[in-house]
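Asker: generate coordinates for the sequence data below:
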Amino acid sequence: MKRSDRLTASLTEDGRCRLLVEAVTDYAIYMLDPEGNINSWNPGVQRFKGYTASEIMGENFSRFYTDEDQRSGRPRGR
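Answerer: Purely as a prediction, here's the structure:
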């Protein structure tokens, strides 16, 4: 994120929260929408899972389960 974008983001509570989450690299933090699709991906989860945000955003969290788990009904997403 560019310096000017960080400054703009810091002006709102939501923006400050986003900056905090993006600064965390030792913990995997991501958010899902109600259907289980990934809509937030921080550098920590990129480090642990190996996917960049552009590779994973919009994908369903079931992607993290093996083919066998998915065939057996795991995860039970919507």
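
Asker: quick check: mean pLDDT across the helix or strand hosting Ser54?
Answerer: Taking DSSP states H and E as the definition, one finds Ser54 inside helix 53-56. Averaging pLDDT along helix 53-56 yields 94.

Asker: shouldn't Gly44 be within a strand?
Answerer: No - counting by DSSP: H, G, I helix; E, B strand; the rest coil, Gly44 is not part of a strand but helix.

Asker: do you know how far it is from Glu68?
Answerer: The spacing between Gly44 and Glu68, counted by C-beta to C-beta, to the nearest Å, is 28 Å. For every residue, glycine as well, the C-beta is placed using N, CA and C.

Asker: which residues touch the helix holding Ser54?
Answerer: Ile38, Trp41, Gln46, Lys49, Arg63 (C-beta atoms under 8 Å, 6 or more residues apart in numbering).

Asker: filter those residues down to the buried ones.
Answerer: Buried by 16 or more other C-beta atoms under 10 Å: Ile38, Trp41, Gln46, out of the contacts of helix 53-56.

Asker: please name the nearest non-neighbouring residue to the second one.
Answerer: Distance criterion C-beta to C-beta, 6 or more residues apart in numbering; nearest residue to Trp41, sequence neighbours excluded, is Ala53 at 4.3 Å.

Asker: do the same with the last one
Answerer: When the adjacent residues along the chain are set aside, Gln46 lies closest to Thr52, with 5.9 Å between them (C-beta to C-beta, 6+ apart).

Asker: what's the burial count for the one you found?
Answerer: Residues near Thr52, counting by other C-beta atoms under 10 Å, number 11.

Asker: isn't there a helix covering Phe48?
Answerer: Yes - looking at Phe48 with three-state DSSP, it is inside a helix.

Asker: give me the neighbour count for it.
Answerer: 12.

Asker: what ranges do the strands span in the chain?
Answerer: 30-32, 38-41 (DSSP state E).

Asker: which residues touch the shortest one?
Answerer: Around strand 30-32, the neighbours that count as contacts under C-beta under 8 Å, 6+ apart are Ile38, Asn39, Ser40, Trp41, Asn42, Val45, Phe61.
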